[in-house]
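1. Starting from these lines, generate the structure:
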Amino acid sequence: MKRALGPVLHSLALRIPATLAIPAFAIPALLLAGTMQAADAPVVVTSIKPIHSLVAAIMQGVGEPELIVDGASSPHTYSMKPSNARSLQEAKVIFWVGPNLEAFLEKPLEALGSNASVVELDHAPGLTKLPFREGGAFEAHDDGDHESAPEHADAAGDDHDHDHAAEPGHDSDQAHHDDHEEHEHGHGAFDTHLWLDPMNAKAMATVITTTLVAADPANALTYQANAKALDDKLTALDNEIAATVAPVKDKPFVVFHDAYQYFEHRYGIRVAGSITVSPETIPGAERVSEIHRKVGELGATCVFAEPQFEPRLVKVVIEGTSAKSGVLDPEAATLKAGPDLYFTLMRGIADSMKACLSSA
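-> Numbering: from 1, shown residues only. Got it, this is the predicted structure:
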């Protein structure tokens, strides 16, 4: 090791201008300090890209979290890899939404994550949780929601949706009970695509920050400063998306699967139905025919596919109608992981909706 390091130190000393020269004896100490800083960062593992993005934003300047469901994979259909198992064994902190979304993680966490603080973000205080919808063609239910949903300006002004979920006893015990009761058939008592409301992202970021500060108090000030910056950016994003979708929010459309309830609730948009309730299950001919008929009856202007699932079904659904097709990416399958991903994801959904619905 000494023979390999000697030439490197000599080369570094030669390249530093005399006016900025660092004594050769000090260079090993500087290199060691950099190594110690990287080693001091806790090993943090995250389940899916949207959660990874929030954690990465809060950890900037300290370290980078690891990601399990990477690339174009979906938590609905993911299978664990050996590298994922090693990550769980080495982790100090693990963030996931919960067993109702990442069912594939439940047993591995029990077996491999015993040395880590495992945080289910679907238990974060202050979350708005919406009930899971059983029917794919849910336009009657949505019309009611659409009329009664609070105006975005009111929600942004007083955080009504955000705050009422945090009332004592609002959902924690009951949700825990219902989660176990309904987990057997793959869905909990609430829709698990929680991150598609920026106010929910804020609630999760609060828990993420508290957990990281407890696990790594030496970097507490960095985590807290990053969290404040993230909170401000989420407020600006919320207002931006509201302005983007405002001109088209009354136009009905159909999605591949029912993943957008939080987005529609936050911004008052009108989803008329979904091709499938759950992407794990490809709908049969009768179901596709039903949606095709509904598209015509409702005058749905767009039908949105998702990049990692079968696009042919969307073509069948819109055939013979005036509806156009578009693509939405609620799980960021096409996006590169990182601290900016959450913002790219949310803007992408808003922009895609506006583009398709404006041209229809």
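2. So residue 55 sits against residue 65, correct?
-> Yes. Residue 55 lies in contact with residue 65 (CB atoms under 8 Å); the separation is 4.6 Å. The way it works is simple: take the backbone N, C-alpha and C, and place the C-beta from them, glycine included.
3. overlap in contacts of those two?
-> Residues touching both residue 55 and residue 65 by CB atoms under 8 Å, 6 or more residues apart in numbering: 44, 46, 95.
4. Give me the distance between the closest residue in space to the first one that isn't next to it in sequence and residue 211.
-> With sequence-adjacent residues excluded and distances taken as CB to CB, 6 or more residues apart in numbering, residue 44 is closest to residue 65, at 4.2 Å. Here the criterion is CB to CB, to the nearest Å. By it, residue 65 lies 12 Å from residue 211.
5. Find the residues that touch each one of these two.
-> What both residue 65 and residue 211 touch, as defined by CB under 8 Å, 6+ apart, is the set residue 95.
6. So residue 121 versus residue 61, what's the distance?
-> 22 Å.
7. Settle it for me: which of those two has more neighbours?
-> Between residue 121 and residue 61, counted using other CB atoms under 10 Å, residue 121 has the larger neighbour count: 26 against 12.
8. Who are the contact partners of the more buried one?
-> Residues in contact with residue 121 (CB under 8 Å, 6+ apart) are 51, 95, 96, 97, 98, 194, 204, 207, 208.
9. Look up phi and psi at it.
-> The phi/psi pair for residue 121 (degrees, to the nearest 10) reads phi -70, psi -10.
10. So for stretch 246-261, first residue to last residue, what's the gap.
-> 17 Å (CA to CA, to the nearest Å).
11. same deal with stretch 247-258?
-> End-to-end distance of stretch 247-258: 22 Å, with CA to CA as the criterion.
12. Report the buried residues of it.
-> 248, 249, 251, 252, 253, 254, 255, 256, 257, 258 (16 or more other CB atoms under 10 Å).
13. Tell me where the stretch 201-350 of the chain has strands.
-> 253-257, 271-276, 302-305, 324-327 (DSSP state E, counting those that start in this stretch).
14. Note down every partner strand of the first one and its orientation.
-> Meaning strand 253-257. Paired neighbours of strand 253-257 in the sheet (DSSP bridges): strand 271-276 (parallel), strand 302-305 (parallel).
15. Report the buried residues of the shortest one.
-> Of the residues in strand 302-305, those scored as buried under the neighbour-count criterion (16+ other CB under 10 Å) are 302, 303, 304, 305.
16. Correct me if wrong: the second one contacts residue 315.
-> What that stands for is residue 303. No. In this structure residue 303 lies outside contact range of residue 315 using CB under 8 Å: 9.1 Å.
17. which residues are common contacts for these two?
-> Common neighbours of residue 303 and residue 315 (criterion: CB under 8 Å, 6+ apart): residue 325.
18. Look at residue 65 and residue 211 and report which has more neighbours.
-> Using other CB under 10 Å as the criterion, residue 65 and residue 211 rank with residue 65 on top: 27 against 21.
19. do you know how far that one is from residue 230?
-> Residue 65 is 14 Å from residue 230, by CB to CB.
20. Just name the closest of the buried residues of strand 302-305 to residue 219, please.
-> residue 304 (40.5 Å; CB to CB).
21. For the closest one, which residues are in contact?
-> 253, 254, 255, 256, 314, 325, 326, 327, 328, 352, 353, 356.
22. partners of the first one in the sheet?
-> In this entry, residue 253 is beta-bridged to residue 271, residue 302, by DSSP bridges.
23. So residue 345 sits against residue 50, correct?
-> Yes. Contact criterion CB under 8 Å: residue 345 and residue 50 qualify, at 6.3 Å.
24. Overlap of the contact sets of those two?
-> Jointly contacting residue 345 and residue 50 under the rule CB under 8 Å, 6+ apart are residue 332.
25. Sort out for me which of the shared contacts of residue 55 and residue 65 are in helices.
-> Taking DSSP state H, every one of those sits outside helices.
26. Could you single out the nearest of those to residue 199?
-> residue 95 (18.4 Å).
27. Surely the closest one is in contact with residue 119?
-> Yes. The pair residue 95 / residue 119 is scored as a contact, 5.1 Å apart, by CB under 8 Å.
28. Which one of the two is surrounded by more residues?
-> Set residue 95 next to residue 119 and count neighbours by other CB under 10 Å: residue 95 wins out with 26 against 22.
29. separation between that one and residue 70?
-> Here the distance between residue 95 and residue 70 works out to 15 Å (CB to CB).
30. Same check on residue 241?
-> 26 Å.
31. More neighbours: the two, which one.
-> Neighbour count, other CB under 10 Å: between residue 241 and residue 70, residue 241 has more, with 23 against 15.
32. gap between the more buried one and residue 344?
-> To residue 344, residue 241 is 12 Å away according to CB to CB.
33. and what of residue 253?
-> Remark: distance between residue 253 and residue 344 (CB to CB) = 21 Å.
34. got it, and residue 63?
-> Counting by CB to CB, the separation of residue 63 from residue 344 is 22 Å.
35. go on, residue 127?
-> Going from residue 127 to residue 344 by CB to CB gives 23 Å.
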